[in-house]
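>>> What follows is a predicted structure for the sequence shown.
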Amino acid sequence: MAEFTLRLLVLFAALAGHPTLSAAAAALHISEPALSQAISGLEKSVGEQLCVRRKAKGLQLTPAGQFFAVRARRLLREAAELSSDLAGPDGRLRGPDKLGCYTGLASNVLPPVLEGFPALHPEVTLGIEVGSQD
């Protein structure tokens, strides 16, 4: 399985909107050699040439690169949706969460802290695990 980061997908997805690697690097606030190295690493990771970089002719995505850019943008949108699903448009938290607490604090400190939590965050299912420092 190819291994790459979301950051590499962001960098690659931005290439299509720029005529040259230097223009893309400037827009991404990254040096041109760093961007070139990142793209080369991504190409090595996926085992395909994703773009052609020529000084006189600029930057051009290969057919594989065009396909990869479309899928990269889709993944990036889904990643953004994933984080927004946890906090809705109204800023309220939602989803399951787990809280760990030491035994000594569980009976004295935790109840007052959690007293208003369900009213503030009704869409959060909170699990509490009480244990020792070990």
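Great, that's in hand.
>>> Does anything pack onto the helix or strand in which Pro111 is found? Which helices or strands?
Here Pro111, judged by DSSP states H and E, is contained in helix 110-114. Here helix 110-114 touches strand 124-131, going by 3 or more CB pairs under 8 Å, 6 or more residues apart in numbering; DSSP states H and E. Backbone N, C-alpha and C define where each C-beta goes, glycine included.
>>> Report all helices and strands that the strand it packs on contacts.
By 3+ CB pairs under 8 Å, 6+ apart, strand 124-131 packs against strand 95-102, helix 103-106, helix 110-114, helix 117-120.
>>> nearest to Val52, of those?
When these are compared by CB to CB, strand 95-102 sits nearest Val52, at 43.4 Å.
>>> Parallel or antiparallel, which strands does the closest one pair with?
Strand 95-102 pairs in its sheet with strand 124-131 (parallel), by DSSP bridges.
>>> which other residues reach the strand it pairs with?
For strand 124-131, contacts defined as CB atoms under 8 Å, 6 or more residues apart in numbering pick out 93-103, 106, 110, 114, 117-118.
>>> remind me which residues of this structure are low pLDDT?
For the chain, applying pLDDT under 70 flags the ranges 1, 85-91, 134.
>>> one more time with 90
1-4, 15-22, 53-59, 79-134 (pLDDT under 90).
>>> where along it do the strands fall?
With DSSP state E as the criterion, the chain has strands at 51-54, 58-61, 95-102, 124-131.
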